[in-house]
Each structure stands twice: as C-alpha cells, then as structure tokens.
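Chemist: Next come a sequence and a model predicted from it.
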Amino acid sequence: MTLESSRLSPEIDAQYAELKAQLAQHAHLYYVLDEPSIADVQYDELYQRLERLEAQFPQLVTLDSPTQRVGGGVLEAFRSVEHGQPMLSIRTETDTSPQGAKAFDERMRKELSLSGSPEEIDYVAELKFDGLAMNLTYFQGVLVRAATRGDGLFGEEVTQNIRTIRQIPLKLKHVSSLPIPQWLEVRGEVYMGRSDFEDLNERQRSKIAQGLKNEKTFVNPRNAAAGAVRQLDSKIAAQRPLSFFAYGVGVVLPKPLEPQGAESPLAPESQRLMEDPAVNWVTPKVSNSTQALLSLGIQDHYSLLQALKAWGFPVAKQASVVKGAKGLVQYHQEMGLAREHLPFDIDGVVYKVNRLDWQMRLGFVTREPRWAVAHKYPAQEQVTTVLGIDVQVGRTGKLTPVAKLKPVFVGGVTVTNATLHNELEATRKDVRVGDTVIVRRAGDVIPEVVGVVMQDRQIESLPFKMPSHCPVCGSLAIKEAQEADHRCSGGLFCSAQRKQAIWHFASKRAMDIEDLGEKLIDQLVDTQTIQSVADLYRLDLSALVGLERMAEKSAANVLEAIEASKKTTLSRFLYALGIRHVGESTAKDLASHFGDLDRIVHASQEALLDVNDVGPVVAQSVRTFFSQSHHMELIEQLQALGVHWPRVQAQADMALPLSGQTYVITGTLSQFSRDEAKEALEKLGAKVAGSVSKKTTALLAGAEAGSKLDKAIALGVKVLDEPAFTHLLKLHASPSN
C-alpha cells in the first residue's frame, strides 16, 4: 500500500483520483457538515466502482482510499509510539463556580503584565469533551498514524481503529489560501454521542438476553469509546458509533505541499517505507510548533481551529472567542445551561489565550501550558444508597425496575430515582436494597445505577426479583423468549397504559375515530372524564364542551365520529384491542380464518396455529389476552354500547379458490393500487408476501418492476402482468359480483 499509486495509464490514474476525491467530499458533507448532497444509494454506487477498480489494479490502493477505513486483520497488541511533541495535560481549575474563570483571567493578566491596564485578553473558550484524547499524524496530507495520549510522551498506536471513524479525514482537503504542512499532528477527542451510546447498550442488552457470552453493557459513553478504540479487531471497532472533534495540533513542519492538485512524488526511500505496513513512523521532535503556525499565516488559536475545519476536521461549533473575565464567566454559565441538551457528554469548558505569540510568551510549567485551563462542572457520577426498588409500568406495558435512592446531587440536579432497565440488567449488576451504588446522570439521559460498591453490602440483603404480576393492574407480567423486558398483559385494562391504549384504539387503522387526537385524549384521561375505551361511547356534549380548545361544534364533530366508529369490521376491532404481536395483517388473518369473535376467544393454541402466519408466540399472546376476565368484561361493555361488525364466512368453513397459494406484488399497476390488489387476492384465500421465494405461487409485476422480477425469473416463479391478473380475478369471481 502506498501514499500515491504506482502509475498505470493516465486515464486509470485520473479515474481513480476522481473517485477518491468524490467519495471524500461526500463523506465530509455527510459526516462532518451533516449536509449530504447525494442519496446513500448513489454513494454506495461510487464506493463499489472504487472497489472494482482497486480489485482490478491492486497497485492503485493508497492509504487515503475510503476502502482502507476498515482493515481486515486482527492485531496481537498495540505498539507504543512516541509523540513528537508531548500531549500535555491542562491544569484544572478546582473552583467550579464563576470565580474559577475570574482567577484564571487574573493570572493571565499578571503573567502578561496587564494588571491595571484597561486592555482585555481575548480567549478561545471551548468545550471539555468527556472522551479519549487522540493524536493523528499526517504526512504529506495523508493519515499515516493515530495514537492515544498514553502518559503524554508515549501512546498506543490505534491507526486501524481510528480509520473506521468517518469524521476523520484520511486525506486533508486542499485550500488555496492554506498550504498543507509536510508533517502535521492533529490533537482531538474521540467520543460517543449519547443517543449512539444508548443504542449501543440496547443492542448489548439484546445480545445478553439471547444468551450470547462475553457481551456486556457499558458504564458511560467515555468507557464505550475507549473500549472501541482499543479493540484488536478493527471490524469490531467499526461497529461502534464513534465520533471526533479536533481542537489543536502537536508537531507542525511546514515545508508545505502546495495545493496545486497533483501530489509531489515521494523520495525513493519514503516510497519504500510507505509500502511497508509494519513501518514505525518516527515523528520529528519539536518542542513548540507555534512558530511553524505563524509561518503558515495562523496568528491565533481560533484561526487554527478554522484551519483544522478547512482541512476537513469536525470542530465543535460551540468554540468561541470571548473577552476578559466577563466573557469567560458568561461562556461557563451558558454552556452549563446548554450541557444537558448537547448530543454528547462534557465535564467542563477549556479557556485558552487566543494570540499564539502570547502563548509562546507564557510558555509552560512542568507538563502544563500556562496559557490554558480546564474549568469543570459538577460531577455526573456520585455515590448514594438504594432505599428500595420499585417497578414502573410504561405506556406500552414495559415493566422497568427503578432504584429509589437517598437523594444525591449529580449532573447538576438532585436525583432520587435511577433506572435498572430490566430484570436481566438488575441481576447482572446485582443491585439490592441497602446497597451503596454509583449513580450516573448525563444530560437528558435518565439517571442509572452503573455499579455497586460491594465492600459496603449488608449481609442480610436479598437479590431483586421481578414480580409475576403487573404492580398497577394485577395482570400477568410476561417475558417472552429472546426478549429482555417483562410486559404487563393488561393492555386496555391497565391504567398505566391507558392513554396509549385509547390512542391506539381510536387510530385510523383501528376504530378510525376522527378528531380524537393525542392532546384531547390526554385531557380526557387527566380530568378523569374517561377511564377506559368503553367510556368513549358514554361521552356526551356536556363532557366535552369546556375542555381546552373544544367548542360546541368541535365537540359535536367528535361525538359524531365516535358514533360512526361503532360500525366497524372484526379485523379492525381485533387490531384496536392492542393484543401484543397482533398487527393489522394478523388481525385480518384471524378474522377471515374464524369469521367470529367468539370462535377466536375460545380457540385453542393448536387452532390458532392453523391461522396463516400465526406462530407459537402470537398464539400464546392471543390466548393470554382473552383468558383475562377484565378484557372480556371490557369487550362485553363495548358491544353493549353498540360496537358491532358484520359476520363473515370463515375460511375455516369454506374452500377459497386460491387457498394455500402465495403471491407477491411489485411495480406500479394502472387499474389497482397495491392495497386493492392485495385485498382482492386475500378475498380469494391467497397469502400476499413481501418477498419472492421458491414457495411463491406467482409474482404480479406492474410497470418498473425491479429486483423481485429478476429473482422470480431466476427461480422459475410464474409472472403475471396486469391483464393476466385481471383475468385471474374474473375467473374466480362469485356470481354475485
């Protein structure tokens, strides 16, 4: 692998360079600027073209190729590498109040002999990210090495893993007014966003629930990021959602590579080294790069951030130039208020004297720069005691164990509750009443117990067990195979799920009650006007008039829609009941198979399994729902209040012409919508599937049919055009039609 390709024909070289440039630009727009200019499928097409070209001409492959982001090898260990310029730590201001900012400004004014002068110092105020410090080395504008901070002098080389982070450019962007240094160390922070962290832990919990060994959840985003960076297999690292912010530089050796489009050829010795993947790049040692930056026309730290941004690095938009102590205090307070709304964790802010010549003048003390300081916020992890463990029931019936805590101030607020997620997580952490625990709160993330201080455990403490019944309504609490969560089976009956159940019952594809939106449902439940879905059919004008934004005309419209909904179909009613795992399609299958609600209510597990697409999990869910007396009482109330549907002939009692056959629909039909074609086939007893397989009876292909048509032809599946489909329907039409 080389920094630049061994030359083939000019046309091939130009094609390769153009593909790399296009992909790099689109990746920058997508991952750094969040402004994608092409669809994912178009990006994939360009990427595949590059892969094909590199497969045909392996000598083309370069370090800055997008295909090199994920390596295939597994490292035995990380080697230690020396930083050309030490990665110094920044002094931390212990006073987290505004006085900490004022103290730093006073020190800087004294050091710069500005005491008593009206001149105010310009500072760059930045966020202090809670991640992993990283040093990226670029030679002639191409990423050749990445290393952790380590002890500041030596770090671990993690290049393969860092290449998987899409925000980090493999090759620096050329800017006409800003030459690229021959050698450049970029300093920044690898981190994991809060939503990415929550998604990762949710995936980990799912794996643990499935019994996968050696899987675990992560304590906080920083630990998750650090663990990903130190993966020996870069393919695993690539699956972890890491991000990056640049905030400074280390070694800078100008000898600029002028941005004139073509790259300068390497010297023979450098070319040989580039072809050796095991080469240990020896970083030139530089005590201070400020003079080099000045020679590039970069006069202050804020300009350096803009240069990093121009070269293609993500730079936090919150970085700002502020004046004097007043500006520092204001920034600290503003970021403190914004902290919980940021999509990533910070534990403070950093102040830096902006002018580079003043930074040189201030210099360093031991291993800290005099011209910078970290000003922290209150800690986001604290220790407290578990007073009890309650189980809360969510809007969808999910049961969540919650630790009741001795109040503790963490992350800027007083915390009294912390989630334990589910029984599996509570058992894994072995959280018990009376335990001393570590609690974490970061931004909008719900506080959680991240660990137990085992040496403080009381001998008499008992392990937590999830209750067998819902603590709110007493219905069975069910945990299905392959799932981590317990759920209340009370559905419509459970008051904790009331709003969600009523909203689903009234939705368009269920009972289709127009004008009964979520806000009105919230008002009706909050004012205790209704307790269940049956109460909807007991509403009158006086109950609605007077609610917020509910005039007499609006109220009359709602009552009219409720009255109209009484006439429905069995499949809509089944779907409206909110039986777990029974969606629209399954509700239709149940209704058409049995034809009558009473037959469904009394159907055995075996009888339910005869229904199209009903497996053991769905069958058990249906049996559990109808076996609970409160559900049957509610259904009887609804029928007594006028909810009704026409009886239909059950498929189980008749042989439909297309029974046992499976059809797939693709493309655009001129005389039917897809839903109409599907309904017509289902009325004749056919099953309509979403994908073609060997078991497919026929594919109905309209205009612009795509891959499904290709697959059907390859498998020898019969293909119907629209005239043939129309003929099929006429052939099996009943005389009454």
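Modeler: Arrived safely, thanks for sending. Numbering: from 1, shown residues only.
Chemist: quick one: average pLDDT of stretch 322-338?
Modeler: Average pLDDT, stretch 322-338: 93.
Chemist: ok, then the element right after the helix or strand hosting residue 572?
Modeler: Assigned by DSSP states H and E, residue 572 belongs to helix 570-576. Downstream of helix 570-576, the next assigned helix or strand under DSSP H and E is helix 584-594.
Chemist: Residues contacting the helix holding residue 572, please?
Modeler: By CB atoms under 8 Å, 6 or more residues apart in numbering, the surrounding residues in contact with helix 570-576 are 504-505, 507, 509-512, 533, 568, 582-584, 587-588, 590-592, 595-597, 600, 643, 645, 648. In short, each C-beta sits where N, CA and C put it, glycine included.
Chemist: Now do the buried residues in it.
Modeler: Residues of helix 570-576 classed as buried: 570-576 (neighbour count, 16 or more other CB atoms under 10 Å).
Chemist: same thing with stretch 78-85?
Modeler: Neighbour-count burial for stretch 78-85 flags 78, 81, 83-85 (criterion: 16+ other CB under 10 Å).
Chemist: and these, which two are the farthest apart?
Modeler: Across those, the longest distance by CB to CB is 20.6 Å; it joins 78 and 85.
Chemist: Show me where the stretch 601-737 of the chain has its helices.
Modeler: Listed in chain order, the helices of the stretch 601-737 of the chain (DSSP state H, counting those that start in this stretch) span 605-609, 616-626, 629-640, 674-683, 707-715, 722-731.
Chemist: What of the stretch 451-600 of the chain?
Modeler: Ranges of helices in the stretch 451-600 of the chain, per DSSP H, counting those that start in this stretch, are 498-506, 518-526, 541-544, 552-565, 570-576, 584-594, 597-601.
Chemist: Export the ones you listed to a markdown table and append columns for distance to residue 149.
Modeler: Converted to a markdown table, these look like this (distance: least, CB to CB, whole Å):
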| stretch | distance to residue 149 |
| --- | --- |
| helix 498-506 | 47 |
| helix 518-526 | 49 |
| helix 541-544 | 64 |
| helix 552-565 | 62 |
| helix 570-576 | 56 |
| helix 584-594 | 54 |
| helix 597-601 | 64 |
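Chemist: Between those, which one is closest to residue 179.
Modeler: With CB to CB as the measure, helix 518-526 is the member of the helices of the stretch 451-600 of the chain nearest residue 179 (57.4 Å).
Chemist: which residues sit against that closest one?
Modeler: With contact meaning CB under 8 Å, 6+ apart, helix 518-526 is reached by 498-499, 502-503, 506, 529-530, 547-548, 550, 558.
Chemist: What residues sit buried inside it?
Modeler: Along helix 518-526, these residues count as buried under the neighbour rule (16+ other CB under 10 Å): 520-521, 523-525.
Chemist: quick one, that helix and helix 498-506 angle?
Modeler: Between helix 518-526 and helix 498-506, the angle comes out at 130 degrees (axes from the mean of the first three to the mean of the last three CA atoms, to 10 degrees).
Chemist: what mean pLDDT would you report for helix 518-526?
Modeler: Mean per-residue pLDDT for helix 518-526: 89.
Chemist: what do you get for stretch 483-493?
Modeler: Per-region confidence: stretch 483-493 scores 85 on mean pLDDT.
Chemist: Repeat that for stretch 460-476.
Modeler: For stretch 460-476, the mean per-residue pLDDT is 91.
Chemist: What residues sit buried inside it?
Modeler: Buried residues in stretch 460-476, counted by 16+ other CB under 10 Å: 464, 466, 470, 472-473, 475.
Chemist: Over to stretch 220-236?
Modeler: For stretch 220-236, a neighbour-count test (16+ other CB under 10 Å) marks 220-222, 224-229, 231, 234 as buried.
Chemist: How about stretch 185-197?
Modeler: 185-194, 196-197.
Chemist: and of those residues, the nearest to residue 10?
Modeler: In terms of CB to CB, no member of these lies closer to residue 10 than residue 186, at 32.8 Å.
Chemist: Give me the phi and psi for the closest one.
Modeler: The phi/psi pair for residue 186 (degrees, to the nearest 10) reads phi -110, psi 130.
Chemist: quick one on the thing from earlier: now flag whichever of the buried residues of helix 518-526 is closest to residue 399.
Modeler: Closest approach between the buried residues of helix 518-526 and residue 399, by CB to CB: residue 525, at 20.7 Å.
Chemist: Any figure for the gap between that closest one and residue 472?
Modeler: Taken as CB to CB, to the nearest Å, the spacing of residue 525 relative to residue 472 amounts to 14 Å.
Chemist: and the next element down the chain from the worst-scoring helix or strand of the chain on mean pLDDT?
Modeler: One helix or strand of the chain scores below all others by mean pLDDT, DSSP states H and E: helix 268-274, with a mean of 38. Using DSSP H and E, the next helix or strand after helix 268-274 towards the C-terminus is helix 290-295.
Chemist: Mind listing what's buried along stretch 172-186?
Modeler: 172-174, 178-186.
Chemist: Quick check: which element contains residue 81?
Modeler: Element membership for residue 81 (DSSP H and E) is strand 80-82.
Chemist: Could you dump the buried residues of stretch 220-236 into CSV with secondary structure and pLDDT added?
Modeler: Below are the buried residues of stretch 220-236 laid out as CSV (DSSP: H, G, I helix; E, B strand; the rest coil; pLDDT from 0 to 100):
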residue, secondary structure, pLDDT
220, coil, 75
221, helix, 83
222, helix, 82
224, helix, 84
225, helix, 87
226, helix, 84
227, helix, 83
228, helix, 85
229, helix, 86
231, coil, 81
234, helix, 76
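Chemist: got those residues as CSV, with distance to residue 491 columns?
Modeler: Putting the buried residues of stretch 220-236 into CSV (distance: CB to CB, whole Å) gives the following:
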residue, distance to residue 491
220, 36
221, 36
222, 40
224, 36
225, 40
226, 43
227, 40
228, 40
229, 45
231, 43
234, 46
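Chemist: Let me know the closest of the buried residues of helix 518-526 to residue 400.
Modeler: Checking those against residue 400 with CB to CB, the nearest one is residue 525 at 20.8 Å.
Chemist: ok so, going back, same list, the buried residues of stretch 78-85, but as TSV with distance to residue 688 and pLDDT please.
Modeler: Below are these laid out as TSV (distance: CB to CB, whole Å; pLDDT from 0 to 100):
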residue	distance to residue 688	pLDDT
78	54	79
81	60	85
83	63	86
84	65	84
85	66	86
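Chemist: Tell me the one of those residues nearest residue 125?
Modeler: Nearest to residue 125 among those is residue 85, at 23.5 Å by CB to CB.
Chemist: tell me which residues in stretch 546-565 are buried?
Modeler: 547, 550, 555, 558-559, 561-562, 565.
Chemist: got a list of contacts for it?
Modeler: For stretch 546-565, the surrounding residues in contact (CB under 8 Å, 6+ apart) are 506, 511-516, 520, 523-524, 527, 529, 536-537, 539-541, 544-545, 643.
Chemist: circling back: would TSV of the buried residues of helix 518-526 with distance to residue 670 be doable?
Modeler: As requested, the buried residues of helix 518-526 are exported to TSV (distance: CB to CB, whole Å):
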residue	distance to residue 670
520	41
521	41
523	46
524	45
525	47
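Chemist: Spatially, which residue comes closest to the most centrally placed residue in the chain, not counting chain neighbours?
Modeler: What sits nearest the mean C-alpha location of the chain, by CA atoms, centre = their mean, is residue 196, with 4.2 Å. Computed as CB to CB, 6 or more residues apart in numbering, the closest residue to residue 196 that is not its neighbour in sequence is residue 241, at 3.7 Å.
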